[in-house]
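> Predicted model and sequence follow; I will ask about them next.
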Amino acid sequence: MALDLAAAKRRIRQLETELAVSRRVNEVFLEQGLPPKGSTR
C-alpha cells in the first residue's frame with residue numbers, strides 16, 4: 001500500500017510538471033500572437 005501511494009505521488013508530480021510546461025508553452029504562443037494549435041481546416 002505504501003509503495004502504491006509513493007508511486008501515485010511521483011506520478012502526480014510528473015503530471016503537474018507536464019501541465020506547468022504546457023501552460024508556459026501556451027503563454028509563449030499567446031505572447032507571440034500565434035494560435036496554440038495549427039488549424040487544418
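Good, I have the coordinates.

> which SS class is residue 33?
coil (DSSP: H, G, I helix; E, B strand; the rest coil).

> and it, what are its phi and psi?
Per-residue torsions, residue 33: phi 70, psi 20 (degrees, to the nearest 10).

> how near is it to residue 10?
Using CB to CB, to the nearest Å, residue 33 is found at 37 Å from residue 10. All C-beta atoms are positioned from the backbone trio N, CA, C, and that covers glycine.

> Between the two, which is the more surrounded one?
residue 10 (10 against 6; other CB atoms under 10 Å).

> Geometric centre of the protein: which residue is closest?
Taking CA atoms, centre = their mean as the criterion, residue 19 is the residue nearest the geometric centre of the chain, at 2.0 Å.

> From residue 17, how far off is residue 1?
From residue 1 to residue 17 the distance is 25 Å (CB to CB).

> Pick out whichever of the two has more residues nearby.
residue 17 (10 against 5).

> what helix or strand does the more buried one sit in?
helix 2-31 (DSSP states H and E).

> can you pull the buried residues of that helix?
For helix 2-31, a neighbour-count test (16 or more other CB atoms under 10 Å) marks nothing as buried.

> for it, what is the average pLDDT?
Mean pLDDT, computed over helix 2-31, is 94.

> Off-centre distance for that helix?
5 Å (CA atoms, centre = their mean, to the nearest Å).

> what does stretch 24-38 give?
Worked out by CA atoms, centre = their mean, stretch 24-38 lies 14 Å from the chain centre.

> then that stretch to PDB, C-alphas only?
In PDB, the C-alpha atoms belonging to stretch 24-38 read as follows (Å, rounded to 0.1, in the frame of the first residue of the first chain):
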ATOM      1  CA  ARG A  24       4.100  28.000 -20.200                       C
ATOM      2  CA  VAL A  25       4.300  27.000 -23.900                       C
ATOM      3  CA  ASN A  26       0.700  28.200 -24.300                       C
ATOM      4  CA  GLU A  27       1.600  31.600 -22.800                       C
ATOM      5  CA  VAL A  28       4.600  31.900 -25.100                       C
ATOM      6  CA  PHE A  29       2.400  31.200 -28.200                       C
ATOM      7  CA  LEU A  30      -0.200  33.800 -26.900                       C
ATOM      8  CA  GLU A  31       2.500  36.400 -26.300                       C
ATOM      9  CA  GLN A  32       3.700  36.000 -29.900                       C
ATOM     10  CA  GLY A  33       0.200  36.200 -31.200                       C
ATOM     11  CA  LEU A  34       0.200  32.600 -32.600                       C
ATOM     12  CA  PRO A  35      -2.600  30.200 -32.100                       C
ATOM     13  CA  PRO A  36      -1.600  27.300 -29.700                       C
ATOM     14  CA  LYS A  37      -2.700  24.800 -32.300                       C
ATOM     15  CA  GLY A  38      -2.500  25.000 -36.100                       C
END
